[in-house]
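> return atomic coordinates for the entry below.
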Amino acid sequence: MSNVLIVHAHPEAQSLTSSLKTLAVETLTAQGHQVQVSDLYAMHWKAVADAADFPQRKNADRLRYASESGNAFATGTQPADVVAEQQKLLWADAVILTFPLWWFSAPAILKGWVERVYAHGFAYGVGPHGGERWGDRYGEGVLAGRRAMVVVNIGGREPHYSERGVNGRLDEILWPIQHGVLFYPGMEVMPPFPVFQSDRMSEERWVDVAAAFKVRMANLFTDTPIPYRMQNGGHYDGQQVLKPGLGAGETGLRIHLVQPGDPVEHLDTTRADDTALAGYV
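Numbers count the residues shown, from 1 in each chain. Model prediction:
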């Protein structure tokens, strides 16, 4: 069976978000999977990325967070809480993010988890940067081979997040998280599990939501991922701009989804880069 990491961001243990997290643990465990949960509020996770993350500074005169992050990763001087979360990500075969949609994004504590755990050399700044290949990202990277999924509770009604809804399409609101945070370091991203009008949940409706959620958990490793284009699969030019003729018929961010009839993507699987996990050597 597989290993699943749930990164949970809600301050109330009796919330709908927390109930779905608990249901995910129960369902996945019953299937035989191993599950770990990073409950960020319960952990009192340090969400602020600052100089305190680098007790051994490369440059004491001016804080350049990315540079110091890369140095700490490469030299094995990262904070223990950051290392622990990175090890969970490497352990996992799938990563599930559970959170409420607050101001069109995730709670700040989850953003802070990403900013601190996704160190330079671990989740970004990986692989050769030059010419037509600008790093191992968007379908490649240290976290390639893993699946990911967003479970998000939303107070608004579903039509608000539709094609012509006042709040915009949900897939575009979640784009920075799904395409950026999850697909960028290599994970395959499953369609999200949104629950609309989550603050108006009746017992009867919960039965239906829970049943649908159990199906999604059962199919976590078999559902078809969102067809994001890989950066180095041949659909982008040397400036990482989508080539002419691709994305026809779509608008906005959706041009970056593989369309029927597009050329098959091909990755250079012969290239090896052993520097990505230098912080663990």
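> so who does the residue lying farthest from the centre of the chain touch?
Here the chain reaches farthest from its C-alpha mean at residue 61, the gap being 33.1 Å by C-alpha atoms, centre = their mean. If a contact means C-beta atoms under 8 Å, 6 or more residues apart in numbering, then residue 61 has no contacts. Any C-beta I mention is one placed from the backbone N, CA and C, and that applies to glycine too.
> does it count as helix, strand or coil?
Per DSSP: H, G, I helix; E, B strand; the rest coil, the secondary structure class of residue 61 is coil.
> that one and residue 51, how far apart?
The gap separating residue 61 from residue 51 is 12 Å, by C-beta to C-beta, to the nearest Å.
> do residue 261 as well
Per C-beta to C-beta, residue 261 is found 51 Å from residue 51.
> who has more neighbours out of the two?
The neighbour comparison of residue 261 against residue 51 (other C-beta atoms under 10 Å) goes to residue 51, with 11 against 7.
> check what pLDDT the residue farthest from the centre of the chain gets.
On pLDDT, residue 61 comes in at 92.
> state the phi and psi torsions of it.
phi -80, psi -30 (degrees, to the nearest 10).
> check the gap between it and residue 119 for me.
With C-beta to C-beta as the criterion, residue 61 and residue 119 are 22 Å apart.
> with residue 74 instead?
Using C-beta to C-beta, residue 74 is found at 9 Å from residue 119.
> between the two, which one's more packed in?
residue 119 (24 against 18).
> quick one: contacts for the closest residue to residue 115 other than its chain neighbours?
Nearest non-adjacent residue to residue 115, counting by C-beta to C-beta, 6 or more residues apart in numbering: residue 49, 4.4 Å away. Listed by C-beta under 8 Å, 6+ apart, the contact set of residue 49 reads 65, 112, 115-116.
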